[in-house]
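Asker: curious how this folds, go ahead:
(one chain, ligands or ions: 1)
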Amino acid sequence: MDSEQTVLEKLHKNGITATDIATQFWCERQMELNNLYKPTPTKAMEKGARMHEAWQAKAYVPLSVETRSYPDFLYKIAYENYMTLKRLKEGKEGRELMVYGSVNGYRLSGKIDELKIRDGKTVIVEDKTVKEGMTIDSAHTKPHIVQIMLYRKMLDDIRCRSYSYDNFANVYRLSKAKLSEEFLKGLGEINLKGEYLSLESMYRKMFEEMHAMPELCDDLELRYVDRRSGTVAAELKVRYDRDMLAGDLSYAMQYWRGERESAPVAGQERWKCNSCKFFGKKCMVWWTGG
Ligand code: SF4
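Answerer: Below is the predicted model:
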């Protein structure tokens, strides 16, 4: 690696996702290789993605206008987030909320599976698909716990305005982004008018809805769904722990700042390599041949 090259440059990324950070707690080396080589999706990944799409369709307000450019794509996110947050305000569940933030000055993003209101508070739910009969032990749950706690922190940062519209607009250069003519025409055709035709206004609206979101619940929910049957195999309630998350983030960020190489799994967890697509190919750490 070029000594001047940052980790983000090496991985061809503009920012870090919540999934990247979560995966660091499964195998950091695998996360790095995933970003470097973007492997073709496995059958299990495709099945998981289809399940997410089906859940999404149940409680989702997609914008039907076709996007033609990156600004159009950004608009679509803001519009759909805004509609999802409106649903949430009405006491309905909201799914697939894109969330933005920053960690140690790095751009951070993620997609929350589900939000719902219980006892006047916003509850975060994360769905994970599992194989039938799979043991869900702490090695499996740790990355999910980090991920859901990170979502809790990102939403909190937005609610208390330590991450606001101005931060987002500055990082994503909203004032310079222009929606395509075709997209604007499409928005007009579905009767969107006035401030709904501006990317900046749409994000302002989205952030206002996020700031006004009901208080966040400290009890976070992980739901493990059987990949084949679609039934809930297990549920795990996790109490939000700021100190634990701060410790995990501090460790994770050492990698992104280039202070250390990516860590492979430790010896007692080398069983993870058996299901890793890089084992014996791009990663030889625990490979003994064969
Ligand atoms: S082979 Fe093992 S150590 Fe290497 S990336 Fe995969 S899980 Fe990590």
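
Asker: can you name the residues of the protein sitting close to the ligand?
Answerer: When proximity is defined as CB under 6 Å from any ligand atom, the chain approaches the ligand at 27, 29-30, 33, 264-265, 272-273, 276, 278-279, 283, 285-286. Using the backbone N, CA and C atoms, a C-beta is placed for each residue, glycine as well.

Asker: so where's this protein shaky on pLDDT?
Answerer: Where the chain drops to pLDDT under 70, the residues are 1-3, 39-42, 44-45, 52, 55-61, 290.

Asker: for the residue nearest to Thr231 when sequence neighbours are not counted, give the beta-bridge partners.
Answerer: Counting by CB to CB, 6 or more residues apart in numbering, Thr231 lies nearest to Val225, which is 7.0 Å off, once chain neighbours are set aside. In this structure, Val225 bridges to Thr129, Val232 when assessed by DSSP bridges.

Asker: okay, now Val225: neighbour count?
Answerer: For Val225, the neighbour count with other CB atoms under 10 Å is 20.

Asker: His144 versus that one, what's the distance?
Answerer: Val225 sits 12 Å away from His144, going by CB to CB, to the nearest Å.

Asker: which neighbours do the two share?
Answerer: Counting by CB atoms under 8 Å, 6 or more residues apart in numbering, the contacts common to Val225 and His144 are Lys128.

Asker: I'd assumed Cys273 was in contact with Phe279.
Answerer: Yes. With contacts defined as CB atoms under 8 Å, Phe279 counts as touching Cys273 at a distance of 4.5 Å.

Asker: quick one: common contacting residues for the two?
Answerer: Contact criterion CB under 8 Å, 6+ apart; residues shared by Phe279 and Cys273: 286-287.

Asker: if we can go back for a sec, distance check, the residue nearest to Thr231 against Arg159.
Answerer: For Val225, the distance to Arg159 equals 28 Å [CB to CB].

Asker: cool, and Tyr255?
Answerer: 28 Å.

Asker: show me which of those two is the more surrounded one.
Answerer: Neighbour count, other CB under 10 Å: between Tyr255 and Arg159, Tyr255 has more, with 20 against 17.

Asker: tell me what the longest helix along the chain is packed against?
Answerer: Looking across the chain with DSSP state H, the single longest helix is helix 138-159. Here helix 138-159 touches helix 18-37, strand 94-103, strand 106-118, strand 121-130, helix 199-211, strand 219-226, strand 232-239, helix 242-256, going by 3 or more CB pairs under 8 Å, 6 or more residues apart in numbering; DSSP states H and E.

Asker: out of the ones you listed, which gets nearest to Asp166?
Answerer: helix 199-211 (9.0 Å; CB to CB).

Asker: let me see the contact set for the residue most central in space within the chain.
Answerer: By CA atoms, centre = their mean, the chain has its centre lying nearest to Gly110, at 2.3 Å. The contact partners of Gly110, taken as CB under 8 Å, 6+ apart, are 17-19, 98-99, 147, 150-151, 154.

Asker: now, among those, which is nearest to the ligand?
Answerer: Taking CB to the nearest ligand atom as the measure, the ligand lies nearest Thr19 of those, at 15.8 Å.

Asker: isn't the closest one up against Leu150?
Answerer: No. At 9.7 Å, Thr19 does not count as touching Leu150 under the criterion of CB under 8 Å.

Asker: who has more neighbours out of those two?
Answerer: The neighbour comparison of Thr19 against Leu150 (other CB under 10 Å) goes to Leu150, with 24 against 16.

Asker: between the two ends of stretch 227-247, how far is it?
Answerer: 32 Å (CA to CA, to the nearest Å).

Asker: just give me how far it sits from the chain centre.
Answerer: Computed by CA atoms, centre = their mean, to the nearest Å, the chain-centroid distance of stretch 227-247 equals 15 Å.

Asker: chain neighbours aside, what residue packs nearest to Asp72?
Answerer: Among residues not flanking Asp72 along the chain, Phe183 sits closest, at 4.2 Å (CB to CB, 6+ apart).

Asker: correct me, but the one you found touches Tyr70?
Answerer: No. Between Phe183 and Tyr70 there is no contact under CB under 8 Å: 11.2 Å.

Asker: mind listing what the residue nearest to Thr231 touches?
Answerer: 51, 127-130, 231-233.

Asker: same thing but 7 Å
Answerer: Residues near Val225 by CB atoms under 7 Å, 6 or more residues apart in numbering: 51, 127, 129-130, 232-233.

Asker: the ligand: which of the residues you listed is nearest?
Answerer: Of the contacts of Val225, the one sitting nearest to the ligand (CB to the nearest ligand atom) turns out to be Val130, at 18.1 Å.
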